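K.L.:
Let's see this in three dimensions:
(chains A and B)
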Amino acid sequence: MLFSSAIFLFLFLPFFLLVYYLLPKRWHNAFLFAASLCFYAWGEGPVVLVLLLSALINYIAGRLIEQGHRRAGLWLSLAGSLSLLFYYKYANFFVDSVRSLADAFALPVPASLALTHIALPIGISFYTFQGISYTLDIYWGRIRANRSFLDYGTYVAMFPHQIAGPIVRYADIAPELADRTTTIEKFGIGAERFILGLAKKVLLANTFASLADTIFNAPIDSYPTATAWLGIVAYSLQIYFDFSGYSDMAIGLGKMVGFDFKENFNYPYIARSIQDFWRRWHISLSSWFRDYVYIPLGGNRGSQLRTYRNLLIVFFVTGLWHGASWNFIIWGLYHGLFLLIERAGLGKRLERIWPPIAHAYTLIVVLVGWVFFRVETLPEAIHFLQKMLGLGLQPSAAVAYPPAYFLTDELVVSLLLGLVLATPIYPSFQRGSNRWLARLVPVRLLLNSAYVVGLFSLFVLAVMYLAADTYNPFIYFRF
Amino acid sequence: MNSSRTRIVAVLFALVLFLPTLDQGLGLSSRFSSTENRQLTGMPPLNFPHVRSYVKQFDRYYKENFGWRNALFYVYSRWKFNVLNESPLPEKVVVGKNGWLYLGNSYNKVVDQHRGLQPLSADSARRIASHLIQRQQELAKQGATLYIFIAPDSHTIYPEFLPDHLQPSEKPSRLDVLKQAIAQTNLPFIDIRDTLRAAKRDHVVYYQTDTHWNEYGTLIGCASLLNRIRHDQPALPPVRLADYHIEQQNGGAGDLTTMLTLQNEQKDPIYYYIKPAPERIGRQTALIPNEAVGYPSTRFSGTGSGRLLFVGDSFSHGMMNYLPGYFRESYFVRGSKLDPVLVKAERPTVVVIEVVERNIYQLATF
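P.N.:
Sure, this is the predicted structure:
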């Protein structure tokens, strides 16, 4: 079930909220746990058992560590969680890579070395990392293990962050898991955040997705260099608004049921370096890798060479975490490489130079990186990059997809909005206007009303687009 | 954040979430009826233990039937069409200039065909020609002459109203390639593109809001076809435009606007009412249901000579108003296959296969 689907918005969510608010507080976790399992099983079917198994393994591991079986508990958590992740996410990739390698060296490959396609349980990367951080935090003495499987299961399975994150650490929400308050104000703040996230996803990300898909699916010789740039800019905006929109919806839903999830994005496209980009992009993931991989590896406490090695390991795993393919690994290592270069001295220069140059450098590195993220194979990525540089196959006299082909009024407005909303211009404006409003009481009511009307207009607009997506009239009405 | 504002947002959000369920129960939005010409998914029965298939079916049911859906699409359509000046369903309907609408790519990639992005290879064209020759020979043995008639897409006849970024290719079109291959044979192949282009100087020949030609375009198409048949069969009565009373009226809405639910707002400015002279009217004698294609077959008797078997698509619908008046008997069938059993039963002297330009690939298997 997707947050941006009619069945979630108008069936699951209202009835979930109704029952949640009618139930006594002591039943809240049990109901949230049960509803989350239904939410997951609705789309994923029996794979919900993988989630439950992962939760059970880490729950038992946490209890074992707490009871003094520290190493056994930690090994159970790491081996159990990672083997599930490896099997479901990477087994096919591993087998295919071994076969390709053997083919490349003309080595004989046993016929038995093949796997039937294994379906990937959505969200497995998120709940695996949540489980591991839980047991590691207990192992390091940062938190106490939860005695109740129901409460722990609620943390892992909780539907707001279960499918696509953010990665919520147990330590951050442990107090709310035990006792949380829900107020109408908090519900309203959550609703506002949810609506803004939904609008980002449906009105912006989907519009950019349609543009990016058309360009990336078109034959490479059917469009010029400018269209390739339009395609990668559209994809960059798509992935940002899609993911940050989802995070907004997750944070909003969390607030509606009393949880305060941490922010996952902080305007990454205004970063002045790749290091800064990773402080702003998918914050819950980058901080997870920092705390549970980079620092345990030694972080930057050893020699320069050791720091570089640690960074490359982290970014290799970051790439692999995003998807089981060599392109994701290349994307991760590509980012890792720029971090090394910045650590080697470029970072200091970027701090000193005129900011627009640092922004431009970061954006170009990020945009080029997204090419590896978007296309499926390395040759395709190289062809697309060649096209961005004006090299390679150029279109024939009649260009099928010049930039003008795509630039409708709606797309131009969406692109402008996307570029503005990817920067902190709007929050700055909002802060300024709030200060101004505080002094003008009579106007405040009017502007607040206008804001509410605008907010719900956005909601209706987003739902309109969802309705249109399912509208499929046939041709030949007349006869 | 302002606490009174957040309270209002909270209450409104909770209300809005329940509105579709209320609508499903009370039918608040029932005046916004669907224009989807298809069977929408009904509420699926739970057939335990097949829960997974139930979930899939229910998902589909819900997204096609949730409360206010039609009303939301109705508003969406107007927002896109009137405010953004774009097609609400760009894959289905292309919004052209001066109120013209065209069929979009979802139907056999028709726009890409006209942009030269779906070319027909010379080999494919030769294969189609060879298949049709085989059909021609089979029919000749039964005493029937085969005619292939192509109804042009509106994109071909009125390219000037297509959006600038969707202009037709200057390279030979799929129809040009096929025509060239067929020119090497003795197959009667009727391409009326030039005739319609000439006719449009005096009258509009296609509906602006529909995929099809209008009554006048249909009459011109019929006249071209009849003239070609008459070339081989002089006994056929001559075609004279004077035999038709042509009246210009205000138009209605076509299938393209109906798809967009804009049928009450976007209408053709011109509609032709055409009445044949009494001696050129074919009398309908039978309407035979044809479940295989969903449209009935129709039999006519007329004052002309010979027996016509016409196998065509939706463009042939209007042709039933004119052609039967020139034959003693006519039988119109909808479909994309020439049934040998039907030919044997009907014993036609003339067989016409009609396809619209965007479907010429169908001729390879007719």
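
K.L.:
lowest average confidence, helix or strand, in the chain?
P.N.:
You didn't pick a chain, so chain A it is. Sorted by mean pLDDT, DSSP states H and E, the helices and strands of chain A end with helix A:425-439, the least confident at a mean of 78.

K.L.:
please go with chain B instead
P.N.:
That would be, for chain B by mean pLDDT, DSSP H and E, helix B:51-65 at a mean of 86.

K.L.:
List the buried residues of that one.
P.N.:
For helix B:51-65, the neighbour count (16 or more other C-beta atoms under 10 Å in any protein chain shown) marks B:Val55, B:Gln57, B:Phe58, B:Asp59, B:Tyr61, B:Tyr62, B:Lys63, B:Glu64, B:Asn65 as buried. C-betas here are computed from N, CA, C, even on glycine.

K.L.:
now do stretch B:124-135
P.N.:
Buried residues in stretch B:124-135, counted by 16+ other C-beta under 10 Å: B:Ser124, B:Ala125, B:Arg126, B:Ile128, B:Ala129, B:Leu132, B:Ile133, B:Arg135.

K.L.:
Not counting its own residues, what contacts it?
P.N.:
B:146, B:148, B:177-178, B:180-182, B:184-185, B:187, B:338, B:360-361, B:363-366 (C-beta atoms under 8 Å, 6 or more residues apart in numbering or on different chains).

K.L.:
and with 7 Å instead?
P.N.:
B:Leu146, B:Ile148, B:Val177, B:Leu178, B:Ala181, B:Ile182, B:Thr185, B:Leu187, B:Leu338, B:Leu363, B:Ala364, B:Phe366 (C-beta atoms under 7 Å, 6 or more residues apart in numbering or on different chains).

K.L.:
State the helix or strand in which B:Glu247 lies.
P.N.:
If you go by DSSP states H and E, B:Glu247 is part of strand B:244-249.

K.L.:
okay, the closest residue to chain B within the stretch 151-300 of chain A: pLDDT?
P.N.:
Nearest residue of the stretch 151-300 of chain A to chain B, counting by C-beta to the nearest C-beta: A:Gly188, 3.1 Å away. Per-residue confidence (pLDDT) for A:Gly188: 95.

K.L.:
got the CA positions of the least confident helix or strand of chain B in PDB?
P.N.:
Output of helix B:51-65 as PDB, limited to C-alpha atoms (Å, rounded to 0.1, in the frame of the first residue of the first chain):
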ATOM      1  CA  VAL B  51      -6.600 -13.800   0.000                       C
ATOM      2  CA  ARG B  52      -3.800 -12.500  -2.300                       C
ATOM      3  CA  SER B  53      -6.000 -12.500  -5.400                       C
ATOM      4  CA  TYR B  54      -8.800 -10.800  -3.300                       C
ATOM      5  CA  VAL B  55      -6.400  -8.100  -2.200                       C
ATOM      6  CA  LYS B  56      -5.400  -7.400  -5.800                       C
ATOM      7  CA  GLN B  57      -9.000  -7.300  -7.000                       C
ATOM      8  CA  PHE B  58     -10.100  -5.100  -4.100                       C
ATOM      9  CA  ASP B  59      -7.200  -2.700  -4.800                       C
ATOM     10  CA  ARG B  60      -8.300  -2.400  -8.400                       C
ATOM     11  CA  TYR B  61     -12.000  -2.100  -7.400                       C
ATOM     12  CA  TYR B  62     -11.300   0.600  -4.900                       C
ATOM     13  CA  LYS B  63      -9.100   2.800  -7.100                       C
ATOM     14  CA  GLU B  64     -11.800   2.700  -9.800                       C
ATOM     15  CA  ASN B  65     -14.700   3.300  -7.500                       C
END
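
K.L.:
From the contact counts, what lies against the helix or strand following that helix?
P.N.:
Sequence-wise, the next helix or strand downstream of helix B:51-65 (DSSP H and E) is helix B:69-78. Applying 3 or more C-beta pairs under 7 Å, 6 or more residues apart in numbering or on different chains; DSSP states H and E, one finds that helix B:69-78 makes contact with helix A:441-469.

K.L.:
Could you check how sure the model is about the helix it packs on, as an average pLDDT?
P.N.:
Across helix A:441-469, pLDDT averages out at 88.

K.L.:
is that helix up against chain B anywhere?
P.N.:
Yes: contact of helix A:441-469 with chain B (C-beta under 7 Å from any C-beta of the partner chain) involves A:Asn448, A:Tyr451, A:Val452, A:Leu455, A:Phe456, A:Phe459, A:Val463, A:Met464, A:Tyr465, A:Ala467, A:Ala468.

K.L.:
Can you point out the helix or strand that includes whichever residue of chain B sits closest to chain A?
P.N.:
In chain B, the residue that lies nearest chain A is B:Thr6 (3.1 Å; C-beta to the nearest C-beta). Secondary structure assignment for B:Thr6, by DSSP H and E: helix B:3-26.

K.L.:
so what does that helix touch, helix or strand wise?
P.N.:
Using 3+ C-beta pairs under 7 Å, 6+ apart, helix B:3-26 sits against helix A:13-22, helix A:184-199, helix A:441-469.

K.L.:
winner for burial among those helices?
P.N.:
Greatest average neighbour count among those goes to helix A:184-199 (a mean of 23), per mean count of other C-beta atoms under 10 Å in any protein chain shown.

K.L.:
ok, and what's touching that helix?
P.N.:
A:3-4, A:245-246, A:248-249, A:251-253, A:255-256, A:455, A:458-459, A:462, B:1, B:3, B:6-7, B:9-10, B:13.

K.L.:
Try it again at 6 Å.
P.N.:
If you take C-beta atoms under 6 Å, 6 or more residues apart in numbering or on different chains as the criterion, helix A:184-199 is touched by A:245, A:248-249, A:251-252, A:255-256, A:455, A:458-459, A:462, B:3, B:6-7, B:9-10, B:13.

K.L.:
same thing with stretch B:100-110?
P.N.:
Contact partners of stretch B:100-110, identified using C-beta under 6 Å, 6+ apart, comprise A:475, B:91-94, B:96, B:111-112, B:118, B:154-155, B:161, B:208-209, B:211, B:256, B:358.

K.L.:
do the same with stretch A:37-56
P.N.:
By C-beta under 6 Å, 6+ apart, stretch A:37-56 touches A:Met1, A:Ser81, A:Leu84, A:Pro121, A:Tyr127, A:Gly131, A:Gly153, A:Val156, A:Ala157, A:Phe159, B:Arg52, B:Val55.

K.L.:
so how far is the first residue of it from its last?
P.N.:
When the termini of stretch A:37-56 are compared using C-alpha to C-alpha, to the nearest Å, they are 14 Å apart.

K.L.:
buried sites along it?
P.N.:
Here stretch A:37-56 shows A:37, A:39-44, A:47-48, A:50-52, A:54-56 as buried, counting by 16+ other C-beta under 10 Å.

K.L.:
how about residue 63, what does it touch?
P.N.:
Just so you know, I chose chain A. A:Arg63 sits in contact with A:Ala145, where contact means C-beta under 6 Å, 6+ apart.

K.L.:
um, chain B though
P.N.:
Applying C-beta under 6 Å, 6+ apart, we find B:Lys63 in contact with A:Ala6, A:Thr470.

K.L.:
Perfect, that will be all.
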